[in-house]
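# test case, fold it:
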Amino acid sequence: METVIPKEKENCKCEIVKYKTSDSQYNCLKDFDVNIYSCLKNDRITVILPNEFIVKISRSKKLVILRQKTNEKSIVTPDGTRYEYFNVPNDSHQNINIIYPGQQYQRNLQGIEKPLTIRSDEDFVRTDKNRTKFCFLGFTVKQSLFSLNGIRITIRVYTKDSNKSMRIRICPEHQSFFVVHLLENKINRCTSSEFLCEHL
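Numbering: from 1, shown residues only. Coordinates of the predicted model:
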């Protein structure tokens, strides 16, 4: 795949690589261990986050969060139904819990009801009729479900400095995104995909 010369942003030292295929790659080189890959052929944006987390957002509006260390995953479909895959001790199969929109409980495939998803103090989910928010140590992933402007994904990445963070906004339908760095009260627009739609 031939590339256009990488461009480095002067303010934040982030790198954007644009390919002749219209695909692009974004790397934050300074404060955040974050990479974004936009692949038009696969109709998918992939965000690689710290601690081996991968977020995949497809044009079909499906959201997938993969925890590479454990191979557990979360999937949210366009209608807001959430599938949580859990490892089972001493078993090669995973348990799947299904949470339907508006439910205050979850039901697994055996019909057993459990409280809403909490994997640990550093990995849990908050949900209401308008959004699903995944909370992890160092970042959050929020999917706005039924807004008038369509589905939108917002990823916030934090550092040990409480005044410094990064925000990534993604529109699954149009496969467009933009990145801003937030330092105290200043918002620095870092980069964006070639096309920005009205959903962002």
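# contact partners for the residue nearest the centre of the chain?
Nearest to the mean C-alpha position of the chain, by Cα atoms, centre = their mean, lies Val55 at 4.3 Å. Shown in contact with Val55 (Cβ atoms under 8 Å, 6 or more residues apart in numbering): Thr46, Val47, Leu49, Leu63, Val64, Ile65, Leu66, Val141, Ile153, Ile155. All C-beta spots, glycine's among them, are computed from the backbone N, C-alpha and C.
# same thing but 7 Å
Val47, Leu49, Ile65, Val141, Ile155 (Cβ atoms under 7 Å, 6 or more residues apart in numbering).
# same check, this time on Pro78
Ser60, Lys61, Lys62, Ile151.
# on the three-state scheme, Thr70 is what?
What DSSP: H, G, I helix; E, B strand; the rest coil gives for Thr70 is coil.
# next: Pro78.
Put simply, Pro78 is coil when judged by three-state DSSP.
# Lys61 contacts Pro172, doesn't it?
Yes - at 4.5 Å, Lys61 and Pro172 qualify as touching, with contact defined as Cβ atoms under 7 Å.
# so which of those two has more stuff around it?
Higher neighbour count among Lys61 and Pro172: Pro172, with 24 against 19, using other Cβ atoms under 10 Å.
# and that one, how far from Val157?
Per Cβ to Cβ, to the nearest Å, Pro172 is found 19 Å from Val157.
# what of Glu173?
Glu173 is 23 Å from Val157, by Cβ to Cβ.
# more neighbours: those two, which one.
Higher neighbour count among Glu173 and Val157: Val157, with 24 against 16, using other Cβ under 10 Å.
# distance of the more buried one relative to Pro78?
For Val157 relative to Pro78 (Cβ to Cβ), the value is 25 Å.
# can you check Asp23 too?
24 Å.
# repeat for Cys135
From Cys135 to Pro78 the distance is 22 Å (Cβ to Cβ).
# hang on, the earlier thing: common neighbours of Lys61 and Pro172, please.
When contacts are counted by Cβ under 7 Å, 6+ apart, the set common to Lys61 and Pro172 consists of Ile151.
# now the contacts of Pro78 in a markdown table, with pLDDT, distance to Cys14 and secondary structure?
Below are those laid out as a markdown table (pLDDT from 0 to 100; distance: Cβ to Cβ, whole Å; DSSP: H, G, I helix; E, B strand; the rest coil):
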| residue | pLDDT | distance to Cys14 | secondary structure |
| --- | --- | --- | --- |
| Ser60 | 89 | 29 | coil |
| Lys61 | 89 | 27 | coil |
| Lys62 | 92 | 27 | coil |
| Ile151 | 84 | 26 | coil |
